[in-house]
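# what's the 3D shape of this:
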Amino acid sequence: MIENKNQSKTQVEQLGEFGLIKHLTQTFATTQPSTVKGIGDDGAVLDFTTDKVVVSTDLLIEGVHFDLAYAPLKHLGYKAIVVNLSDICAMNAVPTQVTVSIAVSNRFPLEALEELYEGVALACNYYKVDLIGGDTTSSQKGLIISVTALGKAKEEELVYRNTAQDNDLLVLTGDIGGAYMGLQVLEREKQVYLVNPNNQPDLSLYDYIIERQLKPEARTDIKQLLAELDVKPTSMIDVSDGLSSEIMHLCTQSKVGCNLFEDKLPLDPQFINTCEEFNIDSTTIAINGGEDYELLFTVKMEDYDKIKGNPNLTIIGHMTQESEGVHLITRDNTKIPIKAKGWNALQ
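The predicted structure is shown next:
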């Protein structure tokens, strides 16, 4: 966890629960007008006036969601915030506050937790969200992080999963698949390291996809972009569990079908090259890999001219009647049923 093995380590029990919380959060300031009272009392006080409040929460568990063999604690703290803010963005809302709770085993000294909270602070500052509370406790199984994110939006701005319509265009931000292949590279290099700890990997050929895995970004820019384009999505979801799974969520909840076109998938060249190196089909990974944290949404057909050619957006398909089912249209025009093969949190 800490590169300098001779560095002094402070046991967290020396501070106690409230002393630890105070120590880790003393440099956090509040900037959101809606934050009336943040850390320091039994509960936070928020005032959103006429806005609707959006709330989302996620767990990150060591050994399930991350491996500290290659995930730096600072990156992990940053990512823990981002994955929750992405859910707020998927409601077409603006993130405003977060709470962070951690459970730690006695192998984590205070200095390790300081590093984790440096990442939390970096994300809070970058995305302009306030840390307003949380909890700390002990764990027998390593590190557990729980983040709750809050956001705001006008009622007419909110977008749900269950409102896509037949003939809507299916649109994706950014590119996909990179986070999964970044994980494959890290896992491969971990195995090499275990065999020969003196072997230091050269990861320069994989910098983009590794960053997609270790330090993803939330698409907080998309709400403003769509407003400037005068486009309101008819449905929206974030791509955290894999494109196929998220398409199935939209279709199931909206009671529509979908045609997804293979030749329209936005793939980064580094992702494609790495798939070739691993001898893995890039389309399979692109639609089933997870943790890209891009936004997938539908828009009315008449909005096509407003979004075509925008470098942040790619039209990858269209919605159909529910009876037509959910299909991938391959490059040779073959129609293949899509099954959700992305991340399953209970496996």
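# residue ranges in the stretch 151-300 of the chain under the pLDDT threshold?
Nowhere does the stretch 151-300 of the chain drop to pLDDT under 70.
# which residues in it form strands?
Assigned strands in the stretch 151-300 of the chain, in chain order: 169-173, 235-239, 256-261, 294-299 (criterion: DSSP state E, counting those that start in this stretch).
# parallel or antiparallel, list what pairs with the second one.
The reference is to strand 235-239. Strand partners for strand 235-239, identified by DSSP bridges, are recorded as strand 294-299 (antiparallel).
# just to revisit the earlier point, export the strands of the stretch 151-300 of the chain to a markdown table and tack on mean neighbour count and distance to I132?
Yep, even glycine has a C-beta here, placed from its N, CA and C like the rest. Output for those, formatted as a markdown table (neighbours: other CB atoms under 10 Å; distance: least, CB to CB, whole Å):
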| stretch | mean neighbour count | distance to I132 |
| --- | --- | --- |
| strand 169-173 | 24 | 28 |
| strand 235-239 | 25 | 22 |
| strand 256-261 | 21 | 38 |
| strand 294-299 | 26 | 25 |
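# mind giving me TSV with those and columns for distance to A71?
What follows is the strands of the stretch 151-300 of the chain, written out as TSV (distance: least, CB to CB, whole Å):
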stretch	distance to A71
strand 169-173	24
strand 235-239	20
strand 256-261	31
strand 294-299	21
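# and the closest residue to S244 other than its chain neighbours, how far is that from I247?
The shortest distance from S244 to any non-neighbouring residue, by CB to CB, 6 or more residues apart in numbering, is to I287 (4.6 Å). Distance, I287 to I247, by CB to CB, to the nearest Å: 8 Å.
# which neighbours do the two share?
Listed as contacting both I287 and I247 by CB atoms under 8 Å, 6 or more residues apart in numbering are 260, 338.
# the closest residue to T49 other than its chain neighbours: how many residues sit nearby?
Distances taken as CB to CB, 6+ apart put S34 closest to T49, at 7.8 Å, once the chain neighbours are dropped. If you count neighbours by other CB atoms under 10 Å, S34 ends up with 19.
# what residues are up against S34?
Taking CB under 8 Å, 6+ apart, we find S34 in contact with 46-49, 51, 96-97, 152.
# what of K335?
Contacts of K335 by CB under 8 Å, 6+ apart are 259, 327-329.
# so which of the contacts of S34 are in strands?
Assigned to strands by DSSP state E, the following of the contacts of S34 qualify: 46, 96-97, 152.
# circling back: adding secondary structure and distance to Q224, write the contacts of K335 out as CSV.
As requested, these are exported to CSV (DSSP: H, G, I helix; E, B strand; the rest coil; distance: CB to CB, whole Å):
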residue, secondary structure, distance to Q224
N259, strand, 30
H327, strand, 33
L328, strand, 32
I329, strand, 32
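# which of those residues tops the neighbour count?
L328 (21 neighbours).
# who's that one bridged to?
Going by DSSP bridges, L328 forms beta bridges with L260, I336.
# contact partners for it?
L328 makes contacts with 260-262, 283, 287, 335-338, as judged by CB under 8 Å, 6+ apart.
# try 10 Å
Counting by CB atoms under 10 Å, 6 or more residues apart in numbering, L328 touches 244, 247, 258-262, 265, 283, 287, 317, 334-339.
# just the buried members of those residues?
Listed as buried from the contacts of L328 are 244, 247, 258-262, 265, 283, 287, 317, 338; burial here means 16 or more other CB atoms under 10 Å.
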